[in-house]
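[1] Only the shape, not the letters, is given here:
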Ligand SMILES: *Cc1c(COP(=O)(O)O)cnc(C)c1O
């Protein structure tokens, strides 16, 4: 007498099918997780799978028009080995500090294929960018004047683009970074005057950078934003001192983290871009079109692994106490820009399935109630020594976490 009609559907995590499972153990880079843990000699650690990054890149290339150049925004995962690998897979790198610029140059990316954005660039940052010949995404009129002053009496003219704070919004982006009052970029309505000044300065004008948001999982919102991005670029180009050669249309492609979220349908995004790019190339035959992506290229490829130290029951609820948590993976604890805490997808990497599941709270070792990795999650029964895996951890994990908080050892990182 099971009547399921009208039952609320309980949202589930998207399947984490990017990794293989063998002998009930998760595999990363074709290696069983327990072997990786043994090889590293300690937990916690982050492991990143090259093949998954390659698949993400290949899928983008298949879906997007061939003219789109892919840049890797390296703040998502600045591990030098990852940056080197993505420097090969992608067409260029986006950096946001002189430190990232150094890693990008060491990874072998050509300066013309590196762009440097960031709302607060010091003179030292700007000097490093000018000396290396990368494209500087200027975030204000003042920054433009400082670049021009630093380049005075130099034989080469710095390559510059204007980062535009658009006059439209990327709907349903996880993190909005355009429209309204923002510290990022130059308000679209102020760009014509800035372009006029630019024409009188010893700068090489490349084009525009229009980035409107991050972690978007709605194709239609991305499509709308891209159409508006091209339209805005065409409007502003009328005021430019020279033809637009470079247009960075941002990225914003999201990945599923939370229950109910699904992977993007890239085909629709690609189909929408094709005529936009054709129009752009008719207007500006030399134009290079760039999409910059961080999370999309690395998030799905990474896992964070920690170990169960203890299990205990407190007033009816079971707690798995692990040696990893917020200090290593701020985002999975829900403290990196989430409004309502939700669980990242978790599993027991050495016990992928079991006859019986139990509902547990997975917490870290820190003396704060914020140190939660899983709130009432269903897992196979876990014991001390078991490996808790947090999926979707290849972006904004290691480098975006307060690793000195409470002075536990840093997690290791391995690229497989
Ligand atoms: C952070 C950032 C990105 C990368 O965003 P993802 O969501 O990781 O793809 C791209 N461009 C700029 C300017 C950024 O600040």
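    In hand now; what should we look at? Please read all numbers here as calculations on a predicted model, not as lab measurements.
[2] Enumerate the residues of this protein near the ligand.
    73, 75-76, 94, 117, 211, 214-215, 251, 292-296, 395 (Cβ under 6 Å from any ligand atom). Every residue, glycine included, has its C-beta placed from N, CA and C.
[3] Sort out for me which of those are in helices.
    Under the assignment DSSP state H, the residues of the chain next to the ligand contribute 295-296 to helices.
[4] which one among the residues of the chain next to the ligand gets closest to residue 322?
    Proximity of these to residue 322, judged by Cβ to Cβ, is greatest for residue 395, which lies at 21.3 Å.
[5] What residue in the protein comes nearest to the ligand?
    At 2.7 Å from the ligand, residue 294 is the closest residue in the chain, using Cβ to the nearest ligand atom.
[6] For burial, what's the neighbour tally of the nearest residue to that residue once chain neighbours are set aside?
    In this structure, residue 294 finds its nearest non-sequential neighbour in residue 76, 2.8 Å apart by Cβ to Cβ, 6 or more residues apart in numbering. Other residues near residue 76 come to 24 when the count uses other Cβ atoms under 10 Å.
[7] my guess is residue 76 meets residue 396, correct?
    Yes - using Cβ atoms under 8 Å, residue 76 and residue 396 qualify as a contacting pair, with a distance of 6.1 Å.
[8] rewinding a little: look up phi and psi at the residue nearest to residue 294.
    Phi and psi for residue 76, reported as degrees, to the nearest 10, are phi -60, psi -40.
[9] Who are the contact partners of the residue of the chain closest to the ligand?
    For residue 294, the set of contacting residues under the criterion of Cβ atoms under 8 Å, 6 or more residues apart in numbering consists of 72-77, 94, 251, 395-396.
[10] for those, which one is nearest residue 226?
    Distance ranking of the contacts of residue 294 against residue 226, using Cβ to Cβ, places residue 251 first at 10.3 Å.
[11] what residue ranges in the stretch 301-416 of the chain are flagged as low confidence?
    Low-confidence segments of the stretch 301-416 of the chain, defined by pLDDT under 70: none present.
[12] Same check on the stretch 151-300 of the chain?
    In the prediction, the stretch 151-300 of the chain carries residues with pLDDT under 70 at positions 170-178.
[13] can you give me the helices for it?
    Along the stretch 151-300 of the chain, the stretches classed as helices by DSSP state H, counting those that start in this stretch are 191-198, 219-237, 266-283, 295-298.
[14] Would you mind giving those helices as CSV with mean neighbour count added?
    Formatted as CSV, the entries for the helices of the stretch 151-300 of the chain read as follows, by neighbours: other Cβ atoms under 10 Å:
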stretch, mean neighbour count
helix 191-198, 17
helix 219-237, 19
helix 266-283, 16
helix 295-298, 28
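[15] As TSV, these with distance to residue 365 would be great.
    Rendered in TSV, the data for the helices of the stretch 151-300 of the chain read as follows (distance: least, Cβ to Cβ, whole Å):
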stretch	distance to residue 365
helix 191-198	50
helix 219-237	39
helix 266-283	40
helix 295-298	26
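[16] Of those, which is nearest residue 148?
    Using Cβ to Cβ, those put helix 191-198 closest to residue 148, at 8.8 Å.
[17] Give me the distance from that closest one to the chain's centre.
    In terms of Cα atoms, centre = their mean, to the nearest Å, the centre of helix 191-198 is set 31 Å apart from its chain centre.
[18] which non-adjacent residue is nearest residue 183?
    With Cβ to Cβ, 6+ apart as the criterion, residue 183 has its nearest non-adjacent residue at 4.6 Å, and that residue is residue 119.
[19] contacting residues for the one you found?
    By Cβ under 8 Å, 6+ apart, the residues touching residue 119 are 139-140, 183-185.
[20] run the last query once more with 6 Å
    Taking Cβ atoms under 6 Å, 6 or more residues apart in numbering as the contact definition, residue 119 lies against 139, 183-184.
[21] ditto for residue 292
    71, 73, 94, 248, 251.
[22] Residue 150 too?
    126-127, 130.
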